[in-house]
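Engineer: Build me a structure from this.
(one chain, ligands or ions: 1)
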Amino acid sequence: MIQFQRVSKTYSNKTIALTGIDLFIEKGEFVFLVGPSGAGKTTFIKLVIRRELPTEGQVLIGRKNLSLMKNHEIPIFRRNIGVIFQDYKLLPNKTVFENVAFALEVIEASRKDVLKQVPAVLELVGLKDKAKVFPTELSGGEQQRVSLARAIVNRPLLLLADEPTGNLDPDTSWGIMDLLMEINKRGTTIVMATHNKNIVDRMRRRVVALENGQIVRDEQKGVYDI
Ligand code: ADP
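Structural biologist: Coordinates of the predicted model:
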């Protein structure tokens, strides 16, 4: 599903964010990406969604080499990838329903699909009763669940989560983790960048640890340990 072949990324200001990354993530895996601030986790995610291109090496998603992808192919490519962030990134002047529906509208889904898929995904994340509410009226955990609903409403093959529990208390974080596990069980590959040692240690999933832009550890059923 995700293949990095000797990938390096140096930004235009000469900051070296990643060097010599070789990594293969199979379809259906759940992988934690850990490492101190500045280790290169966000850069890794940006390379996967082709927000950045590698300076050296190849990034392949499915069979697609992202360096060879044409500009007009990028929006279609991104439709198969859901992304959630620490700060939710919801549209403040749209309701919960509209925030999630928007993800379908941009891909020109029919009204019928919107009216079917949005309530179904809000039910999954436990926000059926909040459809008409605006984001500012929700708790942090609820906002993250809206963000998650928006990321998965399109049934992506791949979900990337960049510090999704970074602003949440432990109980609320576990609620988000339960949802991510459920989404993973349904077949979506998940890569989650995190600093949350408790979560990583209790989940016992594959852990890829980055330090100074390099992979220093890659373990099945790993722990956080930096
Ligand atoms: P992490 O997500 O692990 O905190 P990042 O991928 O954000 O790490 O950053 C890795 C390194 O690349 C850091 O030194 C950071 O300052 C640098 N960096 C990130 N984005 C940019 C950018 N757009 N331009 C220049 N340097 C950047």
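
Engineer: tell me what the lowest-mean-pLDDT helix or strand in the chain is packed against?
Structural biologist: Here the helix or strand of the chain ranked lowest by mean pLDDT, DSSP states H and E is helix 74-78, holding a mean of 91. Packing partners of helix 74-78 (3 or more Cβ pairs under 8 Å, 6 or more residues apart in numbering; DSSP states H and E): none among the helices and strands. (Each C-beta comes from the backbone N, C-alpha and C, glycine too.)

Engineer: residues in contact with it?
Structural biologist: For helix 74-78, the surrounding residues in contact (Cβ atoms under 8 Å, 6 or more residues apart in numbering) are 49-50, 61, 64, 66, 69.

Engineer: what about 10 Å?
Structural biologist: In this structure, residues lying in contact with helix 74-78 by Cβ atoms under 10 Å, 6 or more residues apart in numbering are 49-51, 61-62, 64, 66, 69-70, 106-107, 154, 156.

Engineer: now swap in stretch 103-123 and tell me
Structural biologist: 75-76, 78-79, 82, 96-102, 127-131, 145-146, 148-156.

Engineer: Give me the buried entries from those residues.
Structural biologist: Buried members of these, counted by 16 or more other Cβ atoms under 10 Å: 78, 82, 96-102, 127, 130-131, 145-146, 148-154, 156.

Engineer: Looking at these, which are in helices?
Structural biologist: Using DSSP state H, the subset of the buried ones among the contacts of stretch 103-123 located in helices is 78, 96-102, 145-146, 148-152.

Engineer: Could you tell me how far the nearest residue to residue 220 once chain neighbours are set aside is located from the ligand?
Structural biologist: Excluding its sequence neighbours, the residue lying closest to residue 220 (Cβ to Cβ, 6 or more residues apart in numbering) is residue 206, at 5.3 Å. Separation of residue 206 from the ligand (Cβ to the nearest ligand atom, to the nearest Å) stands at 18 Å.

Engineer: quick one: residue 206 from residue 2, how far?
Structural biologist: 12 Å (Cβ to Cβ, to the nearest Å).

Engineer: got any residues that touch both of the two?
Structural biologist: If you check residue 206 and residue 2 against Cβ under 10 Å, 6+ apart, the residues they both contact are 25-26, 29, 31, 191.

Engineer: Most neighbours among the residues you listed, which one?
Structural biologist: Highest neighbour count within those, by other Cβ atoms under 10 Å: residue 191, with 23 neighbours.

Engineer: Just list the residues touching the residue nearest to residue 220, thanks.
Structural biologist: 25-26, 29-33, 191, 218-222.

Engineer: Identify the bridge partners of it.
Structural biologist: According to DSSP bridges, the residues that bridge with residue 206 are residue 31.

Engineer: Just the pLDDT for it.
Structural biologist: In this model, residue 206 is scored at 97, pLDDT.
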